[in-house]
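Peer 1: pasted the sequence and its predicted model underneath.
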Amino acid sequence: MKNHYVFNVALACALLGVTACTPAASKEKEAPSAEAKPAAAETGPKVAAAKTEAAAATPSPDGVLIAEKNVVHLEASDDMKFNAKEIRVKAGSKVKVYLKHVGKLGAEVMGHNFVLLKPGVDMKQFATDAMTAGATDYIPRVDDVIASTRVVGGGRRASVTFDAPAPGTYDFLCSFPGHYSMMQGKFIVE
């Protein structure tokens, strides 16, 4: 029952655009990401690499995120949205997905993860079952998953590296309770 209360408070906050209405139980703050951005005055190979990564993180206007060198930069926000509805990667190599929560709300009220499902897995049923799997980062059955990140809150990052599956179209989602209806997309291996 407490989880439903926390979820309802988080949903109300997100819909109203309020960031200061988290329940008292959520006073624990998450540390900001350890990955620092280069200062404007810095130059050199590290800065060039950071600029290339930043460019790869921006999806096209139609919501398609094409991985550069099979590296994916996915963002999730407090308004329960990913920055892409479609991700395209090349078959036959390692894929690294970076998930960045660009919001401010904590993981206990507005957590996000990236979950790539195996073919044939019913996304709706998986998401329904995930609602009671908080102890395992809302992954109810690992046998249904190709890859997933841990759940992160505002300002935090997570990543996962995995072998690209066979060419085809796969579903991805955020499995935090209630998020999958707005936070899902297609993962296309070419």
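Peer 2: Cool, got the structure.

Peer 1: for this protein, what spans make up the strands?
Peer 2: Listed in chain order, the strands of the chain (DSSP state E) span 64-66, 71-76, 86-89, 94-101, 115-117, 145-148, 157-163, 168-173, 184-189.

Peer 1: output the below-cut-off pLDDT ranges for the protein.
Peer 2: Applying pLDDT under 70 to the chain flags the ranges 1-62.

Peer 1: what's the burial count for residue 122?
Peer 2: Other residues near residue 122 come to 12 when the count uses other C-beta atoms under 10 Å. From N, CA and C alone the C-beta is placed, and that goes for glycine too.

Peer 1: I misspoke; the intended subject was residue 142.
Peer 2: The burial metric for residue 142, expressed as a neighbour count using other C-beta under 10 Å, is 8.

Peer 1: how close does it sit to residue 126?
Peer 2: Computed as C-beta to C-beta, to the nearest Å, the residue 142 to residue 126 distance reads 11 Å.

Peer 1: got it, and residue 138?
Peer 2: Taken as C-beta to C-beta, the spacing of residue 138 relative to residue 126 amounts to 10 Å.

Peer 1: ditto for residue 146
Peer 2: Residue 146 sits 12 Å away from residue 126, taking C-beta to C-beta as the criterion.

Peer 1: residue 111 too?
Peer 2: When C-beta to C-beta is applied, the distance between residue 111 and residue 126 equals 17 Å.

Peer 1: before we move on, what about residue 158?
Peer 2: Separation of residue 158 from residue 126 (C-beta to C-beta): 19 Å.

Peer 1: returning to what we had before: mutual contacts of residue 138 and residue 126, please.
Peer 2: Listed contacts common to residue 138 and residue 126 are residue 175; contacts here mean C-beta atoms under 8 Å, 6 or more residues apart in numbering.

Peer 1: burial count for residue 80?
Peer 2: If we define neighbours as other C-beta under 10 Å, then residue 80 has 21 of them.

Peer 1: burial check on the closest residue to residue 129 other than its chain neighbours, number of neighbours?
Peer 2: Spatially, and ignoring its direct neighbours in sequence, residue 129 is nearest to residue 140 (3.9 Å; C-beta to C-beta, 6 or more residues apart in numbering). Residue 140 sits with 18 neighbouring residues when counted by other C-beta under 10 Å.

Peer 1: ditto for the one 3 residues further on
Peer 2: A count of neighbours around residue 143, defined by other C-beta under 10 Å, yields 7.

Peer 1: quick one, what contacts it?
Peer 2: The contact partners of residue 143, by C-beta under 8 Å, 6+ apart, come to residue 118.

Peer 1: my guess is residue 90 meets residue 167, correct?
Peer 2: No: in this structure, residue 90 sits apart from residue 167 without contact. The criterion is C-beta atoms under 8 Å, and the distance is 9.4 Å.
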